[in-house]
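A.B. asks: When you get a sec, could you give me coordinates for this:
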Amino acid sequence: MNCLHPSLLQYVADEVNTHRSSSFATKWEMKTRGERLAWARTQAGYSSKSAAARALGIPVSTYNSHERAEQPGGRDFSPDEAETYARAFRVAHGWLITGKGGPKTGGDEVPPQLKPADLALGEYVVAGKVAAGSFREVDEIFDDEPQRITGPADMKYPNARQMAFEIEGDSMNKARPPMLEGGFVLCVDFEDLENQVPLRDGMKVVVERTKFGGQMREWSVKEIELYEDRIEFHPRSDNPKHKPIVVPRDFQPDDGNEVRILALVRSVHYPTDQ
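C.D. replies: Here you go, the predicted structure:
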């Protein structure tokens, strides 16, 4: 399927500069998942629990309890939450959960002269806004000057183009993690992943809908539900006005609009200094 506007993709390819080497070595044994999470956070450059929680878009109380996992008063985190933390803090998902092996990500050794905080961040070009129900003219979209933000680097798909979308509206305010207005979803281009990542239930994606022969388009974030004969793209919101997009497997919806998956959402980011 087609993806983003060619000129924008070229801009993203030219401008995005994400650090790609990552690995850390622990100096002591950490017996609990909470201890490993706390260590990963500090190595990623987040000096406080609250700063990390805000960057990840999760409640501070929830994150605090996760750093006490397997300890009295703490709360364990799920494998999906561990994957979110592993991506954000650039450690191995399996190591974070089990403590086995080393806290490496991607198999690359970190050059000793690089600081963990430098390795944990990357620069993203903001491709545009995701706003359910808001169709805009194509020329208007691509007349906008691309913005750049700094956010947690994603190293799982190093060969895929990376980009961000600004969140507008409340169509995903009940997602896990919540996607709230003013934040950004950090993504990889789905076209670069088609042969690597099959669609699955619960996957969060940026979806493009076009009408009037492609002259008007809407970008929004949705969560996938798979069925034998169709794919449903669902909002996760407490606002009843937001409805799912239902399309057969050939990605041609019943209402005549065209639907494409533009990007796979990898994390949610709320800048504090932009």
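A.B. asks: all helices of the stretch 1-150 of the chain, in order?
C.D. replies: With helices called from DSSP state H, counting those that start in this stretch, the stretch 1-150 of the chain shows them at 6-15, 33-43, 49-56, 60-66, 79-89, 93-98, 116-120, 138-143.
A.B. asks: Show me what the fourth one is in contact with.
C.D. replies: With CB atoms under 8 Å, 6 or more residues apart in numbering as the test, helix 60-66 has contacts from 34, 37, 49-50, 52-54, 56, 73-77, 81, 85. For every residue, glycine as well, the C-beta is placed using N, CA and C.
A.B. asks: which non-adjacent residue is nearest residue 153?
C.D. replies: Closest residue to residue 153 apart from its sequence neighbours, by CB to CB, 6 or more residues apart in numbering: residue 122 at 3.4 Å.
A.B. asks: Number of residues surrounding the one you found?
C.D. replies: Neighbours of residue 122 under the rule other CB atoms under 10 Å: 19.
A.B. asks: roughly how far is stretch 162-177 from the heart of the chain?
C.D. replies: Relative to its parent chain, stretch 162-177 has a centroid offset of 9 Å by CA atoms, centre = their mean, to the nearest Å.
A.B. asks: Just the strands from the stretch 151-274 of the chain, written as ranges.
C.D. replies: In the stretch 151-274 of the chain, the strands defined using DSSP state E, counting those that start in this stretch lie at 162-167, 184-189, 204-211, 216-226, 230-234, 245-248, 258-269.
A.B. asks: what about residue 73, how many residues close to it?
C.D. replies: That count, for residue 73 with other CB under 10 Å as the rule, works out to 7.
A.B. asks: which residue packs closest to it, ignoring adjacent ones?
C.D. replies: Nearest non-adjacent residue to residue 73, counting by CB to CB, 6+ apart: residue 65, 7.6 Å away.
A.B. asks: Give me the distance between that neighbour and residue 47.
C.D. replies: Look at residue 65 and residue 47: by CB to CB, to the nearest Å, they are 19 Å apart.
A.B. asks: So for those two, which sits in the more crowded spot?
C.D. replies: More crowded of residue 65 and residue 47, by other CB under 10 Å: residue 65, with 17 against 10.
A.B. asks: quick one: that one and residue 189, what's the gap?
C.D. replies: Distance, residue 65 to residue 189, by CB to CB: 35 Å.
A.B. asks: Make sure residue 159 is actually in contact with residue 192.
C.D. replies: Yes: Residue 159 is within contact range of residue 192, at 6.8 Å (criterion: CB atoms under 8 Å).
A.B. asks: So these two - more neighbours on which side?
C.D. replies: Remark: of residue 159 and residue 192, residue 192 carries more neighbours, 18 against 9, as counted by other CB under 10 Å.
A.B. asks: how many other residues sit next to the closest residue to that one other than its chain neighbours?
C.D. replies: Leaving aside its chain neighbours, residue 192 sits nearest to residue 160 (3.9 Å; criterion: CB to CB, 6+ apart). Residues near residue 160, counting by other CB under 10 Å, number 20.
A.B. asks: which residues touch residue 160?
C.D. replies: Counted by CB under 8 Å, 6+ apart, residue 160 has contacts 188-189, 192-193.
A.B. asks: Can you give me the neighbour number for residue 227?
C.D. replies: Neighbourhood size, residue 227 [other CB under 10 Å]: 11.
A.B. asks: Per-residue confidence, the residue nearest to residue 192, what does it come out as?
C.D. replies: Per-residue pLDDT puts residue 160 at 85.
A.B. asks: thinking again about what came up before, output the contacts of residue 160 in TSV, with pLDDT and distance to residue 217 appended to each entry.
C.D. replies: Formatted as TSV, the contacts of residue 160 follow (pLDDT from 0 to 100; distance: CB to CB, whole Å):
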residue	pLDDT	distance to residue 217
188	91	20
189	92	17
192	89	20
193	86	21
